[in-house]
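Participant: missing the sequence, but the structure's below:
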């Protein structure tokens, strides 16, 4: 008997091709879905990881070297340096001490030197001034204050960062803060190879 449709593919071959095509689509869709998924907890983890390598902090100028203290205000400042010395961040060497004539105030000249222990908080230094971290910030909670998925590849996350004073905090010019935390917004972007990252 002669077939009426000699070029018609066999049913088994058609089923196999259809199954393979559906399988490929399902795998591709599943892969894209898994990579692009992000929730509040995962966003918090991404930001925590980012802050380890890119910490948030506040800086101020710190004076050292040869310094003279001769007024009541200066003595308050000297007490701050002595606290730093007791904690091992500076060394104080008395170079000169004298009593003022007919005055209750004395005059002191100290050589103040930064120690190796201070290096983790010193960002830059000149001959007698240094830029130091006076406040650092850490994630207050892994759960963001506000989480907004902008699209499949972008998200906007606002978190609360708690303030932690360093030993140099007493030397900052404006130490009157009205809050123990700050809120900061980070934009996350999906990297095809590395996953979700903070977009700098």
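Facilitator: Done, it's in. Being a predicted model, the structure only gives us computed values, none of them experimental.
Participant: name the nearest residue to the residue nearest the centre of the chain, ignoring sequence neighbours.
Facilitator: Within the chain, one residue has its C-alpha closest to the average C-alpha position: by Cα atoms, centre = their mean, that is residue 55, at 2.1 Å. Excluding its sequence neighbours, the residue lying closest to residue 55 (Cβ to Cβ, 6 or more residues apart in numbering) is residue 136, at 6.2 Å. C-betas here are computed from N, CA, C, even on glycine.
Participant: who's that neighbour bridged to?
Facilitator: Assessed by DSSP bridges, residue 136 has beta-bridge partners residue 57, residue 164.
Participant: so residue 42, which of the three states?
Facilitator: Residue 42 falls in the helix class when you classify it by DSSP: H, G, I helix; E, B strand; the rest coil.
Participant: one step back: quick one: residues contacting the residue nearest to residue 55.
Facilitator: With contact taken as Cβ atoms under 8 Å, 6 or more residues apart in numbering, residue 136 is in contact with 55, 56, 57, 58, 163, 164, 166.
Participant: just the buried residues of these.
Facilitator: Among these, those scoring as buried are 58, 163, 166 (criterion: 16 or more other Cβ atoms under 10 Å).
Participant: would you agree residue 38 falls within a helix?
Facilitator: No. Counting by three-state DSSP, residue 38 is not part of a helix but coil.
Participant: roughly how far does it sit from residue 47?
Facilitator: Distance, residue 38 to residue 47, by Cβ to Cβ, to the nearest Å: 12 Å.
Participant: phi, psi for residue 74 please.
Facilitator: Note on residue 74: backbone dihedrals following degrees, to the nearest 10 are phi -60, psi -40.
Participant: could you tell me how many residues sit around it?
Facilitator: Using other Cβ atoms under 10 Å as the criterion, residue 74 is surrounded by 15 other residues.
Participant: which of the residues in stretch 75-86 are buried?
Facilitator: In stretch 75-86, residues buried by neighbour count (16+ other Cβ under 10 Å) are 78, 81, 84, 85.
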